[in-house]
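Trainee: need a structure here:
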Amino acid sequence: MSKSLPYSMKDVHYDNAKFRQRSIFKVITQNMISSNAKRECIKCSTGKFLVLLMIFGVAYLMLTHTNNTLPSVGIAKNVGTEEGKNFFTDGSGRFRRFWRKPPRLPPLLSPDEIAARNKSINKSDKIDSGPDWKARQQRVKEAFIHAWSGYRNYSMGYDELMPLSKRGTDGLGGLGATIVDALDTAMIMGVDEVVHEAGSWIEKHLSERIDRKGQVNLFETTIRVLGGLLSAYHLSGGMHGGDATAKGPKPIVYLETAKNLADRLLIAFTSSPTAIPFSDVVLHDRSAHAAPDGLSSTAEVSTVQLEFNFLSSLTGDPKYSLESMKVLEHIKTKPKVKGLVPIYINPHTGEFSGENIRLGSRGDSYYEYLIKVWLQNPGSNFTYMHDMYIESMQGVKELLVKKSVPNGLVFVGELPYGPEGGFSPKMDHLVCFLPGTLALGATKGIMKEKAMKENLLTFEDLENLKLAEDLAKTCYEMYSVTSTGLAPEIAYFNLEGQKEGGPGGGNKNSQYVDDIIIKPADRHNLLRPETVESLFVLFRITEDPKYREWGWNIFEAFEKYTKVDSGGYTSLDDVTVLPPQRRDKMETFFLGETLKYLYLLFGSSDVIPLDEYVFNTEAHPLPIQGHARRK
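Mentor: Prediction:
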């Protein structure tokens with residue numbers, strides 16, 4: 001509430017009467033009544049006559065007076081000298097007032113009431129006169145076509161495009177990863193030409209490559225290639241998931257190719273002495289082995305279950321689900337730090353290795369799949385995964401969430417030496433998946449307004465949703481604090497009593513220039529999707545237009561600084577300087593994730609609804625059980 005008003009409240013009526021001037025008539029009568037003249041006048045007949053005459057005159061004015069209203073047409077041509085009026089009468093012949101009564105002022109509002117009113121007005125203005133989001137969505141579609149054109153023209157069949165040198169490179173095993181990653185994005189956008197080109201290449205070449213290619217990473221191949229094939233199968237009409245079309249091969253081609261790949265990837269599980277799979281698979285001879293250091297990433301071994309579970313449901317063969325779910329069942333039995341786990345695990349012993357706890361690289365998607373696998377399989381015996389997720393998020397809030405100084409950005413740091421070691425205020429861009437995951441875990445994909453009306457949210461759900469929104473703001477500020485408007489790979493945050501020091505992002509107009517530190521080795525941008533992924537999820541759940549605006553700002557920065565005229569988009573070496581130096585690589589996830597999430601952010605919530613689909617960690621939508629026949 002506001003503090004005491006700057007004037008005395010003595011003798012002021014409830015309805016702000018202080019601001020209404022008293023009439024001359026009231027002044028005269030009150031003086032007459034309060035003076036000796038009152039007693040003298042009413043004693044004589046003349047005085048009584050005058051008093052009665054005055055009373056009748058006032059009564060006449062009151063009876064003949066009506067409120068003046070402006071006509072709907074012909075509003076005053078010459079104010080004060082309108083035709084049909086004179087000084088004493090109005091247009092209807094009634095007596096005019098000799099003075100204007102000042103309007104009543106509205107009751108004073110407290111600062112909180114003023115802020116609430118302005119927020120409501122601003123929100124209404126955004127809804128009524130907002131940007132043309134269909135046009136902006138079309139811009140994202142055009143960006144996708146431009147990215148694909150560069151890949152098709154210079155590197156078709158390779159894993160990735162090097163847009164500056166106009167050639168391809170195989171960094172993911174040589175399975176044409178960009179083609180498979182981009183396919184369901186083209187289907188969602190309705191880019192039929194790309195669907196035909198990508199689908200035809202898969203039909204002619206991918207199975208042959210799977211049969212003869214060498215080493216691939218279990219995790220990367222599962223989330224990009226296997227996930228992309230399964231999503232394409234569903235979206236193209238497999239299991240009646242949509243209307244089958246002539247754009248590309250028949251849906252069964254995608255399923256058969258996925259099954260061939262998964263049968264070879266399974267060797268990573270079956271050849272390991274524990275429930276933890278090896279990290280690498282040699283496709284052509286169906287063998288697997290551990291990484292050179294003998295360890296597997298916790299995130300990698302626990303981020304293949306969505307894909308293998310869906311494949312089992314499609315084929316009716318439980319082996320894919322059984323092998324992959326053994327990992328999470330095993331991790332369930334291992335000791336944790338308030339639900340948090342180290343980022344490495346040993347496939348030879350089944351034990352965690354080291355004490356490093358973080359939600360960035362090698363740790364991130366473990367927490368993501370805990371909630372998503374549970375959401376994918378409602379009514380199943382996977383309830384323990386939801387319990388593990390809830391416990392881990394409590395641990396995140398207790399051990400990893402801090403606020404920066406001087407402006408209080410909420411961020412998620414790391415425990416590089418475990419809970420007994422020091423806290424590091426380091427946050428990877430990869431951590432920006434967390435706002436979307438928290439929001440999804442809170443409402444289960446249902447809009448917040450609906451969930452509130454149906455009393456579906458617990459206090460903890462609301463707390464997690466608030467944390468999601470706070471973290472999303474931090475992730476966006478990691479973009480806006482830089483000269484290019486694009487986020488670095490890693491940021492550090494200043495803490496009370498623990499100043500990192502060092503350079504900022506280059507944008508001195510940012511409010512958070514003193515909160516965020518970007519070290520020289522961390523200034524690159526790889527076209528990553530995590531922030532726009534969270535903006536997409538939060539917009540779907542809250543319908544707050546700011547998430548669209550933030551997404552549009554990020555898209556415009558990509559267009560301005562990463563677009564290559566000859567086709568494609570490129571990574572950057574340093575986002576803090578202008579012009580930024582370019583890195584000559586377009587990651588597959590730019591087409592598979594970043595542009596897909598931006599397109600969905602600007603479009604209708606009916607397309608791939610969050611209560612019917614889960615997105616794997618590479619943004620390939622897979623239907624929730626019970627919705628497999630819905631597109």
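
Trainee: is it fair to say residue 223 lies in a helix?
Mentor: Yes. Counting by DSSP: H, G, I helix; E, B strand; the rest coil, residue 223 is found in a helix.

Trainee: what's the neighbour count on the residue nearest to it when sequence neighbours are not counted?
Mentor: With Cβ to Cβ, 6 or more residues apart in numbering as the criterion, residue 223 has its nearest non-adjacent residue at 4.1 Å, and that residue is residue 618. For glycine as for every other residue, the C-beta is placed from the backbone atoms N, C-alpha and C. Here the count is done by other Cβ atoms under 10 Å, and residue 618 has 27 residues near it.

Trainee: tell me the SS of residue 618?
Mentor: Residue 618 - assigned by three-state DSSP - is coil.

Trainee: residues contacting it?
Mentor: Neighbour list for residue 618: 181, 223, 224, 227, 228, 589, 592, 593 [criterion: Cβ atoms under 8 Å, 6 or more residues apart in numbering].

Trainee: if we use 7 Å, what do you get?
Mentor: Residues counted as contacts of residue 618 (Cβ atoms under 7 Å, 6 or more residues apart in numbering) are 181, 223, 224, 227, 589, 592, 593.

Trainee: any regions of the stretch 351-500 of the chain where pLDDT drops low?
Mentor: By pLDDT under 70, the weakly predicted segments of the stretch 351-500 of the chain are 500.

Trainee: which parts of the stretch 51-200 of the chain are helices?
Mentor: 111-128, 133-155, 177-189, 192-201 (DSSP state H, counting those that start in this stretch).

Trainee: to residue 409, which of those lies closest?
Mentor: helix 111-128 (21.4 Å; Cβ to Cβ).

Trainee: average pLDDT across that closest one?
Mentor: For helix 111-128, mean pLDDT is 50.

Trainee: again with stretch 334-347
Mentor: On average, stretch 334-347 scores 98.

Trainee: what comes up buried for it?
Mentor: 336, 337, 338, 339, 340, 341, 342, 343, 344, 345, 346, 347 (16 or more other Cβ atoms under 10 Å).

Trainee: pull it out as PDB, backbone CA atoms only.
Mentor: These are the backbone C-alpha positions of stretch 334-347, laid out as PDB (Å, rounded to 0.1, in the frame of the first residue of the first chain):
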ATOM      1  CA  LYS A 334      22.700 -46.200  -6.600                       C
ATOM      2  CA  PRO A 335      23.400 -43.600  -3.900                       C
ATOM      3  CA  LYS A 336      22.800 -40.000  -4.800                       C
ATOM      4  CA  VAL A 337      23.300 -36.500  -3.400                       C
ATOM      5  CA  LYS A 338      19.700 -35.300  -2.800                       C
ATOM      6  CA  GLY A 339      18.700 -36.900  -6.100                       C
ATOM      7  CA  LEU A 340      21.800 -35.600  -8.000                       C
ATOM      8  CA  VAL A 341      24.400 -37.900  -9.600                       C
ATOM      9  CA  PRO A 342      27.900 -37.500 -10.900                       C
ATOM     10  CA  ILE A 343      28.400 -37.000 -14.700                       C
ATOM     11  CA  TYR A 344      30.400 -40.300 -15.300                       C
ATOM     12  CA  ILE A 345      29.500 -43.900 -14.700                       C
ATOM     13  CA  ASN A 346      31.600 -47.000 -15.300                       C
ATOM     14  CA  PRO A 347      30.100 -49.700 -17.500                       C
END
